[in-house]
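1. give the three-dimensional model of this entry:
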Amino acid sequence: MRIYVLALDGVFDLGLSAILDAFQTANELIEMSGLPVPQFEVKIVGMRKTVRTAHGLKVPIQLAGRQSPECVIVRAIACKTTDTLKAGLARPDVRDAAKASRTWARDGATLSALVLEPLCWLSLVCSTSSAQQIRMPHAAPNASKHLIKGMHEP
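-> Numbers count the residues shown, from 1 in each chain. As a prediction, the model looks like this:
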């Protein structure tokens, strides 16, 4: 399975490393057990040539490639409040990532938004009318109203 782990500037270090460790361990167990299943082809992709984690570590970004992924996993950027999340979602690299995610989804990829507010990511990828129906019950009061409104491309 071709998997893209989408890393953007300010990605949570633990969130990125945990998913990479999980797939590496899975591949090692597949190899050790001799199971007749294909290994996971994992690429860390980004929207810029250089991506740094929230703690400033440089992430080894790979080119997305010509083949579409079967699965795209979006990791959280280190935005812990409604205001920082709103600013983070408005960044050009995040907008580019949402556009790329829409393309990958149209090509048949499964999207997994493992982000602080996955419904905010979903709102960027979905149409405006769909996103207006999204609510985030675990977020700060009125967060969905502030974050989703006006976050879409026509």
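2. how about the longest helix that the chain contains: buried residues?
-> The longest helix of the chain (DSSP state H) is helix 13-33. For helix 13-33, burial by neighbour count (16 or more other Cβ atoms under 10 Å) applies to Asp13, Gly15, Leu16, Ile19, Leu20, Phe23. For the C-beta atoms, the positions are set from N, CA and C on the backbone; glycine is no exception.
3. kindly report the same for stretch 84-104.
-> Leu85, Lys86, Gly88, Leu89, Asp93, Val94, Ala97, Ala98, Ala100, Ser101, Arg102, Trp104.
4. now pLDDT and distance to Thr50 too, for those residues, in CSV please.
-> Output for the buried residues of stretch 84-104, formatted as CSV (pLDDT from 0 to 100; distance: Cβ to Cβ, whole Å):
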residue, pLDDT, distance to Thr50
Leu85, 79, 23
Lys86, 81, 24
Gly88, 84, 17
Leu89, 83, 20
Asp93, 92, 11
Val94, 89, 15
Ala97, 89, 15
Ala98, 88, 20
Ala100, 90, 17
Ser101, 88, 20
Arg102, 88, 24
Trp104, 92, 22
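5. looking at the residues you listed, which is nearest Ser112?
-> Ser101 (10.4 Å; Cβ to Cβ).
6. now the host helix or strand of the closest one, how far from the chain's geometric center?
-> Using DSSP states H and E, Ser101 falls within helix 92-106. Averaging C-alpha positions (Cα atoms, centre = their mean, to the nearest Å) puts helix 92-106 9 Å from its chain's average.
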